[in-house]
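*Asks:* next one to model:
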Amino acid sequence: MLLEARGIVKSYGHVEALRGADFSLPSGEVVALIGDNGAGKSTLAKIMSGVEQPDAGEILLDGRPVSFGSVEEAREAGIETVYQDLALCADLTPAANFFLGREVLKPGILGALGFLDNAVMRSRTREACERLGVQLKSQSAPVSTLSGGQRQGVAVARAVTWAERVVFMDEPTAALGVLQTQRVLDLIRGVRDAGVAVVLISHNMQDVKAVSDRVEVLRLGRRVARFATADASMEDLVAAMTGAREQENGT
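*Replies:* Residues are numbered from 1 along each chain as shown. Predicted structure coming up:
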């Protein structure tokens, strides 16, 4: 198993967000993490990606226990996240967002003086976007001028460019139209096909059925069901989320 969470506990004051939650992510798959509001999905994802630290339990990468004290430590392990708000700087270009915190300096004395190699960053950004089928109307325009789907594409392409192992995607199609949603789902398939495992957090069961290989269901801070997506109906997923189905399915 590539990435696992075992018995994760997390409380915020008197609120128990996670009560012994488990999660499993095989290599090269899209695993959907679903549940009703307050089930603990985002909290568990934040813990596995270094944003939060658990009160108890363990995270395993390639079967070995790991502890991510920060997002940077998770990134060093090859784990990236596409947040629901995209975490893009609206006034910066796609390339500037791609390399934010990872800027490429010019060679020689100019680099030593802090001059950025914008041409290289634009070229690498264009190549990454083309590889994933992200079409941008301009490399020089700020991302605030892009459509919602294009901004989502920039955020996904950036994460995939730097991720070596895992990408977490939190509600990647929220507030997108039908055509833009389809393009993002195609992006997710492209990420998986490139060999990067994906954790998809979504309330949209149609998206989950369309792109995931497996589904794990959280309810009240615990994993209550697991499915192979091909074997699960919409009714199965909803039943697990609402509590009509409480027993884990080991498929």
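*Asks:* give me the number of residues near Gly101?
*Replies:* 7 (other C-beta atoms under 10 Å). (C-beta placed from N, C-alpha, C; glycine too.)
*Asks:* quick check: it vs Ala87, distance?
*Replies:* 11 Å (C-beta to C-beta, to the nearest Å).
*Asks:* now do the buried residues in stretch 81-96.
*Replies:* 81-83, 86, 88, 93-96 (16 or more other C-beta atoms under 10 Å).
*Asks:* where in the chain is pLDDT low?
*Replies:* 85-86, 175, 245-251 (pLDDT under 70).
*Asks:* give me the outermost residue of it relative to its centroid.
*Replies:* Ile109 (38.1 Å; C-alpha atoms, centre = their mean).
*Asks:* can I assume it sits in a strand?
*Replies:* No. Using DSSP: H, G, I helix; E, B strand; the rest coil, the secondary structure at Ile109 is helix, not a strand.
*Asks:* now it: how far from Met121?
*Replies:* 19 Å.
*Asks:* still on that earlier bit, what's the farthest-apart pair in the buried residues of stretch 81-96?
*Replies:* Thr81 and Thr93 (21.5 Å; C-beta to C-beta).
*Asks:* ok, the residue nearest the centre of the chain to Leu146 distance?
*Replies:* In the chain, the centroid-proximal residue (C-alpha atoms, centre = their mean) is Phe168; its distance is 1.6 Å. Counting by C-beta to C-beta, the gap from Phe168 to Leu146 is 22 Å.
*Asks:* quick one: the helices in the protein?
*Replies:* 41-48, 71-76, 94-98, 108-112, 118-131, 148-162, 178-193, 205-211, 234-242 (DSSP state H).
*Asks:* buried set for the second one?
*Replies:* Going back to what we said before, that points to helix 71-76. Buried-residue list, helix 71-76, by 16+ other C-beta under 10 Å: 74-75.
*Asks:* dump it to PDB, restricted to CA.
*Replies:* Output in PDB follows, covering the C-alpha atoms of helix 71-76 (Å, rounded to 0.1, in the frame of the first residue of the first chain):
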ATOM      1  CA  VAL A  71       3.200  20.700   4.400                       C
ATOM      2  CA  GLU A  72       6.800  21.100   3.300                       C
ATOM      3  CA  GLU A  73       7.800  17.700   4.800                       C
ATOM      4  CA  ALA A  74       4.900  16.100   3.000                       C
ATOM      5  CA  ARG A  75       6.000  17.700  -0.200                       C
ATOM      6  CA  GLU A  76       9.500  16.400   0.200                       C
END
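*Asks:* which neighbouring elements make contact with that helix?
*Replies:* Of the remaining helices and strands, none touches helix 71-76 by 3 or more C-beta pairs under 8 Å, 6 or more residues apart in numbering; DSSP states H and E.
*Asks:* can I get the buried residues of stretch 81-96 in a markdown table with distance to Gly243?
*Replies:* Below are the buried residues of stretch 81-96 laid out as a markdown table (distance: C-beta to C-beta, whole Å):
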| residue | distance to Gly243 |
| --- | --- |
| Thr81 | 29 |
| Val82 | 29 |
| Tyr83 | 29 |
| Leu86 | 32 |
| Leu88 | 37 |
| Thr93 | 47 |
| Pro94 | 43 |
| Ala95 | 47 |
| Ala96 | 46 |
